[in-house]
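Chemist: task: produce atomic coordinates for the following.
(one chain, ligands or ions: 1)
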Amino acid sequence: MATLCKWVNSLFRLLFPHRCVVCNNLLTDDEKVLCQSCNLHLPRTNLHLQKDNEVEKLLWGKIDIVRATSYFYYTKGSGYRQLLHQLKYEGRKDIAQDIGYTLGQELANDGFFQDIDLIIPIPLHRRKHRSRGYNQSLEIGKGISQATGIRMETKCVARLRNTTSQTSKSTYERWENVSGIFVLRQPERLENQHILLLDDVMTTGATITACADALKSVPGIRISVLTLALAGK
Ligand SMILES: [Zn+2]
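Modeler: Residues are numbered from 1 along each chain as shown. I've put the predicted structure just below:
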């Protein structure tokens, strides 16, 4: 049976070859989202290995966190932009899950997920969720959850407003845009838990901070932060 599955899979790959999202080269059976070379050159931040790193500094004085990091640096001209674009706007849930799984494994090896109880992906407003068909952060979370065994919690935080895109806004406007947009549901389920807030991109930290603001009143809660990409480098 296993041989048959492998054979069908190979035939499928022959008919519909997978390509690297960054360089568009054909992928081998062992490669998932990125080819070996693009994976090797992915601009990993490795900030989880640094105390008081730049992601943590973005959040200093705004929210109390245990630890925070981003997986890779995201710059406008870089080919790695495709990775984010595809998983966010082109319906490639599979990319989000695969990259989530990979980063989950890598960061777990370095102990980043130590004593984290729950992963909370930053929710989309339900209208946006419906029009896109999925929440990219939740899909990344599925991969991390699979790699680490940490449960995801998606019912306790809701987004009240559908904010306009943050990309064209100044820093001040970004903070104004997201302030007070998240609300807590069933907060008792989060009591005394160490939660990991998960988002796709961190720019100023405004969205993460707004979400953490909604959570901070929960007794005994501790918050860590992880984003797939860190913008502006
Ligand atoms: Zn490639």
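
Chemist: so who does Asp64 touch?
Modeler: By CB atoms under 8 Å, 6 or more residues apart in numbering, the contact list for Asp64 reads Lys216, Ile223. C-beta: built from backbone N, CA, C; applies to glycine.

Chemist: let me know whether the longest helix belonging to the chain sits next to the ion.
Modeler: The helix that spans the most residues within the chain, counting by DSSP state H, is helix 93-109. No - contact check for helix 93-109 against the ion, using CB under 5 Å from the ion: none in range, with a minimum separation of 13.0 Å.

Chemist: buried residues, that helix. List them.
Modeler: Residues of helix 93-109 classed as buried by neighbour count (16 or more other CB atoms under 10 Å): 93, 95-104, 107-108.

Chemist: give me the domain ranges for the chain.
Modeler: Under the assignment named as automatic domain parsing, the residue ranges that make up the domains of the chain are 10-41, 46-231.

Chemist: end to end on the longest one, go ahead and measure it.
Modeler: To tie it back to what came earlier, the one meant is domain 46-231. 15 Å (CA to CA, to the nearest Å).

Chemist: for this structure, which residues are neighbours of the ion?
Modeler: Cys20, Val22, Cys23, Cys35, Cys38.

Chemist: and the residue lying closest to the first one once chain neighbours are set aside, what pLDDT?
Modeler: Put plainly, it is Cys20. Sequence neighbours aside, Cys35 is the residue nearest to Cys20 in space, at 4.0 Å (criterion: CB to CB, 6 or more residues apart in numbering). For Cys35, the model assigns a pLDDT of 96.

Chemist: helix/strand/coil for Val225?
Modeler: On the three-state scheme (DSSP: H, G, I helix; E, B strand; the rest coil), Val225 is labelled strand.

Chemist: how many neighbouring residues does it have?
Modeler: Here the neighbour count serves as a burial measure; for Val225 (other CB atoms under 10 Å) it reads 26.

Chemist: which residues touch it?
Modeler: Val225 is in contact with Val55, Leu59, Ile65, Arg67, Ala68, Thr69, Leu196, Leu197, Asp199, Met202, Ile208, Ala212, counting by CB under 8 Å, 6+ apart.

Chemist: can you do 10 Å?
Modeler: Contacts for Val225 (CB atoms under 10 Å, 6 or more residues apart in numbering) come out as 55-56, 58-59, 63, 65-70, 195-199, 202, 205, 208-209, 211-212.
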